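Participant: the sequence and its predicted three-dimensional model are supplied below.
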Amino acid sequence: MEKNILVVGGGVIGLSSGICLLERGWNVTLYSSEFSPNTTSDVAAALWYPFLSAPIEKTDVWGSFTYDTLKLLTAEKDAGVKMVQTFEYFRSEQPNPSWMSSVDNFERITEDLPSDYVECFSFMTQVIEMPLYLKWLMDRYRLLGGKLEKQTVEDFSKVPDEFSVIVNCTGLDSKELCNDSELYPVRGQIIRIKPLIDKMYLDQQVPTLAYIVPRSKDMILGGVAQEGNWSLEPTEEDRNFILEKCSKIIPNLDKAEIIEDIVGLRPGRSEVRLEKEITSNKTIIHNYGHGGSGVTLSWGCAEEVVELANE
């Protein structure tokens, strides 16, 4: 019997799931209302770091698997993934992070810190240039024989009968599609500037959220995490707030040459929904609600999708 499966959603979660299913012998078709460069995934900063996602006992497992997979992808010259020395700053003493054993070269630093920071985690992690990475994922998906169709799914019960299994990777669209009241937007705004440095600097505490992310042709400065805000318009207020926060870490960033401001909406949820639902005529595997950790959890979640599909 042919194993036909439909993945809905063309961002990083949908493409990663599709690739893993193809590698395990499924015939995969992917429907999406938008593909790169017009997905939420395209505007992610993006870096490996668990942020605004739960439950920790699961996200640590998915994240660790993804870290190892992305590390292998640094060898793919077109994938847009590279290992970067990273410094995460805190204004109070911190316990060891739950993901400490997943990253390379983790150590604590307490001297010569900027601003009013008192502690720093130093470690190696990946920076993922999403325009390059999404193209690589699409090429990989096609190479494995996956089909892509620009289609909007408004009702899973109306999906063609040839697909007995559906993988729902629609992010925030699941709010209406699944009538999921737990989903909410977490608005992010970032600034693209001309490249200056090759290390990454983070303050991942939501009220003071700041990240300085080096890429090959630019740098990303962020950010904000505004729950419940659906606006896709950049604001000058947020731009100034971001520049002020980042300049406390690296002085004079507020004088950097700005290329553009970008806004994206993270799919916030009390916890990631990764589970199987049996309806009258379909099996639906939900894989959404990753908060600010879509890339960070992508390959680990995709592996679990395959396990659920094969049951």
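Facilitator: Thanks, I have the structure now. Residues are numbered from 1 along each chain as shown.
Participant: any low-confidence regions in the stretch 51-200 of the chain?
Facilitator: Along the stretch 51-200 of the chain, segments meeting pLDDT under 70 are nowhere present.
Participant: switch to 90 and redo it
Facilitator: 164, 195-196 (pLDDT under 90).
Participant: now the strands for it?
Facilitator: Ranges of strands in the stretch 51-200 of the chain, per DSSP state E, counting those that start in this stretch, are 81-90, 104-109, 119-128, 147-150, 165-168, 184-193, 200-203.
Participant: out of the ones you listed, the one nearest Leu177 is which?
Facilitator: With CB to CB, the closest approach to Leu177 among the strands of the stretch 51-200 of the chain belongs to strand 165-168: 7.3 Å. Bear in mind the C-beta positions are built from the backbone N, C-alpha and C, glycine included.
Participant: output the closest one as PDB, restricted to C-alpha atoms.
Facilitator: Taking Å, rounded to 0.1, in the frame of the first residue of the first chain, the C-alpha atoms of strand 165-168 are listed here in PDB:
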ATOM      1  CA  VAL A 165      -2.400  11.100   7.400                       C
ATOM      2  CA  ILE A 166      -2.000  14.900   7.700                       C
ATOM      3  CA  VAL A 167       0.800  16.700   9.400                       C
ATOM      4  CA  ASN A 168      -0.300  20.100  10.600                       C
END
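Participant: rewinding a little: format the strands of the stretch 51-200 of the chain as CSV; extra columns: mean neighbour count and distance to His286.
Facilitator: Listed next are these as CSV, based on neighbours: other CB atoms under 10 Å; distance: least, CB to CB, whole Å:
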stretch, mean neighbour count, distance to His286
strand 81-90, 19, 27
strand 104-109, 12, 32
strand 119-128, 21, 24
strand 147-150, 13, 20
strand 165-168, 24, 5
strand 184-193, 22, 16
strand 200-203, 23, 30
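Participant: okay, these in TSV with distance to Asn287 next?
Facilitator: Below are those laid out as TSV (distance: least, CB to CB, whole Å):
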stretch	distance to Asn287
strand 81-90	21
strand 104-109	27
strand 119-128	19
strand 147-150	18
strand 165-168	6
strand 184-193	18
strand 200-203	26
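Participant: Lys217 is nearest to which of those?
Facilitator: Nearest to Lys217, of all those, is strand 184-193, at 9.5 Å by CB to CB.
Participant: how far out from the middle of the chain is the closest one?
Facilitator: Centre-to-centre, strand 184-193 and its host chain are 12 Å apart (CA atoms, centre = their mean, to the nearest Å).
Participant: and for stretch 211-230?
Facilitator: 12 Å.
Participant: that one spans what distance, first to last residue?
Facilitator: Using CA to CA, to the nearest Å, the end-to-end distance of stretch 211-230 comes to 22 Å.
Participant: among the strands of the stretch 51-200 of the chain, which comes closest to Glu34?
Facilitator: strand 147-150 (7.8 Å).
Participant: out of the strands of the stretch 51-200 of the chain, which gets nearest to Phe65?
Facilitator: Taking those one by one with CB to CB, strand 119-128 is closest: 13.3 Å.
Participant: nice, that's everything, thank you.
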